[in-house]
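Chemist: just a sequence and a predicted model for now, questions to come.
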Amino acid sequence: MKILRISLVIVLVVVAGRTFRASAQTVTETTLHSFAGYPTDGSDLVAGLAQGSDGNFYGAAPYGGIDDIGTVFRISPSGSYTDLYSFGSSGAESYAGLVQDSDGNFYGTTTLGGTTFGTVFRISPSGSYTKLHSFAGPPTDGANPYTGLVEGSDGNFYGTTRFGGTSANCSGGCGIVFRITPSGSETILHSFVDSPTDGSEPLGALVEGSDGNFYGTTEFGGTNFEGTVFQISPSGSETILHSFVGSPSDGREPYAGLVEGSDGNFYGTTRFGGTSANCFDGCGTVFRISPSGSETILHSFVGYPTDGATPLGGLVQGSDGNFYGTTVNGGTSTNFDPATGGYGYGTVFRISPSGSYASLYSFAGSPNDGINPEAGLIQGSDGNFYGTTSSGGTSTNSDPATDETGYGTVFKLDVGLGTISANCTISVNPTSAAFHAAGGFDIVSVTASNGCAWTATNNDSFITINAGSSGSGNGTVAYTVAANTSTNEQVGTMTIAGQTFTVTESGTTNSGGCTYTLSATSVSLPAKGGTKTVKVKAKGTSCSWTAVSNDDFITIIAGASSSGNGTVDFSVSGNTNTATRSGMITIAGQTFTVKQAAGGCKLTLSPKDGKFKATGGSATVKVKANLSDCTWTATTTNDFITITDGASGLGDDTISYTVAANTNTTAVTGSITIGGETFTVTQSGAK
C-alpha cells in the first residue's frame, strides 16, 4: 500500500544537516537501521513500533524476508537488529503494528495469507509464530486487515478489517469491527455499510476509551462520504460521532486511528482536507474530538518547505503533554517527484492540546536518512521517540517511478524531554492486596499524568496479569491469584509503572483452614452450547471464594462470588466456528475447563421456494438457525426480486421480499441466497 505523494506548489529552499532547533527545542535524529529488503531483511515499513517489556522495540514489515512478503523484527534502543520471522503461507504482508499481551507474546495481523483474506497471529519475542485466525471474507467475515490490534480491558483483542462484512454497498464488503480472544475465537461486532449514516473501509487502529468503549475512524462513508469517527461498545453497539466534510472547513479521509488525551478528548489526523491550497484536496489536518462528537480543527498542514503534508500516521501524547506525529510529505527537502510534482520527504511535528504547532524535523533522504514516514511514533521509556520510514536509508535500490532510493529505516528522535520517569507522575491504587488461600481476581488502578506510558509485569508465578500489561495515561491492571495449596503464607509482587505492588496470600491453615473441592474439573458441551452448574464444597471457617470467566463465550450467570458451599451457574454460547474450542473458569482459585464441539451455522428455510403468477406479489421466508449466534445475509442478483426487510439477521428471523410483474410471455426463474442456502423464485409468463 504505497501512498502517492501530493503535489505542492512552493518555492525551493535547501536545508542541510540532521539536527534542528525548533521553538527553542533542539531535535536530533539518528537512523538506527536501514532495511536491506529481500531475502535477508524487511522493507517498505508502513507500521509503527511497539516497545516490549524487555525494553526492545518490535515491528513488522509488509515486504522483504525469504519470500518477499514481509517479516517481524526486533531492534534495541541502540540499534541492534534481529529478523525474527519471515511470513509465508500462514500470513503475508503485515501493514500493522504489534501489541504485547500480558503473556509476553506479541499479536498482530497480516493483510493477506491464511485462507486468502488475511490473518491474526501471535509471535513470541524469540520468533515462535502461531496463526490464530484466517479471515473468511464477505459476507460472513472480514477481509484484509490493514491495522493492528488493541487489547481491551477484558483481556480480548479488538480490531478492524478494511473490507469484508455483510454490506453489499462496497465491492468486497465495507469492513468490520471484530473481537478475538488470545486463543483465536473471533466475534464480528459490526459490519460497516458505507452510507450517510455509517462509515466504510477502516484503516486505523481502535483505541479503548476510559469509558470502556472503543473509538476509531473510517476512510470513507458518512454524510459526505469523506470518512467518519465512530464509537463502538464491546458488545457491538455503534455510534457515528462525526462525518468529515473536507476542505476548507474540515479534514477528509482519515488513515490513522485516534489517541485518547489525558484531558479525556480524542486526537487524530486526516490525510486530506484543511485550509491549504498547496495540495490537491488539502494537505491534511490535526483534529480534536470529544467523546460526544464535538470536533475542533487544531492545525491545517500547508506543505513544503515550512510544514509537512499528508499525515498517514496517528498521534502519540508525549510525557510533556504535547502530541507528536509524522507527515509522509512536505518538509524542507528539495526532492522532486515527476509523477506528482510534489516536494518533501516528510516531517515530524509537535502540537499541543490547544493547537500550538511546531514542525520539528524534515527527513533528508538516502543515503543518510529515511523517506516518507507513513506510521506514527512511539515514545520509548528513555523519553525519545521512535519510528519508521517506508523508503530511504543506505540501500541502493531505486524506484524509477518516484526516484526514491532505499527500503526504509528505523529512526530515533531526541527532542530533549529526557527519560519519562523524570516528566511523569504515576501512582497505583491500592499498593497491596491480601487473599485467602483460595486465591481470586482483582484490579489495580493506575493514574498517570500527561498520558505517560507504563508497563505491568508479574514477578511470581502464582500471580497472572490478565489485562493491562501496558498502557498510556490512566488505566487498570487486572490480575488473578492462584490457590495456595501450601500451609504456609506466600508473598509475591507485581511491578506496575516501576512501583512494587505486593500480594499476600494465606496458607491453607489460615483463614479458617479453607480448602475447596469442585464437583468436576471440566465439562464438554455440544456446538449449540447450553447452561451448566459446578458445585463448590468449602471446608473451613468463613471460606469466601469467587468465580471468573476467562473466555468471552462463557458467561457466569449465578455464583460469581459466595462463601462456604455453593454453586456456579454458567452458560456457553453456540460455537459458530468449524473447529472445537475450549475455555476456562477460575473457581475458588481452581481451574475449571469448558470444552465445546465444533459447530458451524446451518440454516433451514421455510418455505423452500416461492411461486408467483405473472402479476407478481410479496411473500416471506422464515429462517431457522441451528445456533442463536449465527449471522447471515440475504442477497439476490435478479432485478425482478427485491428484498424489502431482513437482508441480514442473527439466528432465527424472517425475510420479506417482492416480485415485480412479468410482462413477458415466458416464465422467469430467480433466487435469493440466504446464508449460503438458495431460495428459488419462479414466476409465470404473461398470457
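Modeler: Right, received. Where do you want to start? Keep in mind it's a predicted model, so treat the numbers as computed, not measured. Residues are numbered from 1 along each chain as shown.
Chemist: tell me the confidence at Gly599?
Modeler: In this model, Gly599 is scored at 81, pLDDT.
Chemist: what about it, neighbour count?
Modeler: When counting by other CB atoms under 10 Å, one arrives at 23 neighbours for Gly599. For glycine as for every other residue, the C-beta is placed from the backbone atoms N, C-alpha and C.
Chemist: residues contacting it?
Modeler: Contacts for Gly599 (CB atoms under 8 Å, 6 or more residues apart in numbering) come out as 527-528, 574-578, 627.
Chemist: kindly report the same for Tyr95.
Modeler: Counted by CB under 8 Å, 6+ apart, Tyr95 has contacts 1, 46-47, 62, 111, 146-147.
Chemist: and the residues you listed, which of them are in strands?
Modeler: Using DSSP state E, no member of the contacts of Tyr95 sits in strands.
Chemist: using the three-state scheme, assign the nearest residue to Val523 once chain neighbours are set aside.
Modeler: Nearest-residue entry for Val523: Lys532, 5.4 Å, with adjacent residues in sequence omitted and distances by CB to CB, 6 or more residues apart in numbering. Here Lys532 is strand, with the state taken from DSSP: H, G, I helix; E, B strand; the rest coil.
Chemist: does Gly675 touch Asn626 like I think?
Modeler: No: contact status for Gly675 versus Asn626: not in contact, 11.0 Å apart, counting by CB atoms under 8 Å.
Chemist: which residues are in contact with each of the two?
Modeler: Each of 601, 603 lies in contact with both Gly675 and Asn626 under the rule CB under 8 Å, 6+ apart.
Chemist: re the thing from before, write the ChimeraX selection for whichever of the contacts of Tyr95 are buried.
Modeler: Provided next is the ChimeraX selection string for whichever of those are buried by 16 or more other CB atoms under 10 Å:
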select :46,47,62,111,146,147
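Chemist: hmm, which of the contacts of Tyr95 is lowest in pLDDT?
Modeler: Checking pLDDT across these, the minimum falls on Met1 at 37.
Chemist: save the contacts of Tyr95 as TSV, and put in distance to Asn565 too.
Modeler: Formatted as TSV, the contacts of Tyr95 follow (distance: CB to CB, whole Å):
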residue	distance to Asn565
Met1	59
Val46	58
Ala47	53
Pro62	57
Thr111	53
Tyr146	53
Thr147	49
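Chemist: most widely separated two among the contacts of Tyr95?
Modeler: Spatial extent of the contacts of Tyr95 (CB to CB) is set by the pair Pro62 and Thr147 at 12.5 Å.
Chemist: what about Thr521, distance to Ile554?
Modeler: From Thr521 over to Ile554 the distance is 15 Å, taken as CB to CB, to the nearest Å.
Chemist: so is Thr166 in a helix, a strand, or just coil?
Modeler: Three-state assignment for Thr166 (three-state DSSP): coil.
Chemist: beta-bridge partners for Val316, please?
Modeler: Beta bridges link Val316 to Tyr324, judged by DSSP bridges.
Chemist: contacts only, for it.
Modeler: Going by CB under 8 Å, 6+ apart, Val316 touches 259, 323-325, 376-379, 385, 472.
Chemist: try it again with 10 Å
Modeler: 48, 259, 267, 322-325, 376-379, 385, 387, 451, 453, 472 (CB atoms under 10 Å, 6 or more residues apart in numbering).
Chemist: Thr140 should be in a helix, yeah?
Modeler: No: according to three-state DSSP, the state of Thr140 is coil, so it is not within a helix.
Chemist: distance of it from Asn626?
Modeler: For Thr140 relative to Asn626 (CB to CB), the value is 15 Å.
Chemist: follow-up on the earlier one: what's the local residue count around the residue nearest to Val523?
Modeler: Neighbours around Lys532, by other CB under 10 Å: 17.
Chemist: how near is it to Ser549?
Modeler: The value you get for Lys532 to Ser549, if CB to CB is used, is 12 Å.
Chemist: anything in contact with each of these two?
Modeler: 568, 570-572, 592, 594.
Chemist: include pLDDT and neighbour count when you put these into a markdown table, please.
Modeler: Putting the shared contacts of Lys532 and Ser549 into a markdown table (pLDDT from 0 to 100; neighbours: other CB atoms under 10 Å) gives the following:
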| residue | pLDDT | neighbour count |
| --- | --- | --- |
| Val568 | 94 | 26 |
| Phe570 | 95 | 24 |
| Ser571 | 93 | 16 |
| Val572 | 92 | 24 |
| Phe592 | 89 | 25 |
| Val594 | 91 | 22 |
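Chemist: ok, which pair from these is furthest apart?
Modeler: Checked with CB to CB, the shared contacts of Lys532 and Ser549 reach their widest spread between Ser571 and Phe592, with 14.1 Å between them.
Chemist: can you tell me how far Thr615 sits from Val46?
Modeler: As judged by CB to CB, Thr615 and Val46 stand 57 Å apart.
Chemist: on the pLDDT front, check Asn335 for me.
Modeler: At Asn335 the predicted local distance difference test score is 75.
Chemist: what's the distance between it and Tyr407?
Modeler: The gap separating Asn335 from Tyr407 is 17 Å, by CB to CB.
Chemist: same drill for the two, tell me which one is more crowded.
Modeler: Neighbours per residue (other CB under 10 Å) separate Asn335 from Tyr407, with Tyr407 holding more: 27 against 19.
Chemist: just checking: what are the partner strands of the one helix or strand Ser359 maps to?
Modeler: Ser359 is located in strand 357-362, with elements delineated by DSSP states H and E. If you go by DSSP bridges, strand 357-362 pairs up with strand 347-351 (antiparallel).
Chemist: in what helix or strand does the nearest residue to Glu489 once chain neighbours are set aside lie?
Modeler: Once flanking residues are discounted, Glu489 sits nearest to Gly507: 5.0 Å by CB to CB, 6+ apart. Per DSSP H and E: Gly507 is located in neither a helix nor a strand.
Chemist: Gly507: neighbouring residues, count only.
Modeler: Using other CB under 10 Å, Gly507 has 16 other residues around it.
Chemist: just the one 10 residues further on next, same as before
Modeler: Look at Thr517: counted by other CB under 10 Å, it has 12 neighbours.
Chemist: my read: it touches Lys539, true?
Modeler: Yes: contact status for Thr517 versus Lys539: in contact at 7.5 Å, counting by CB atoms under 10 Å.
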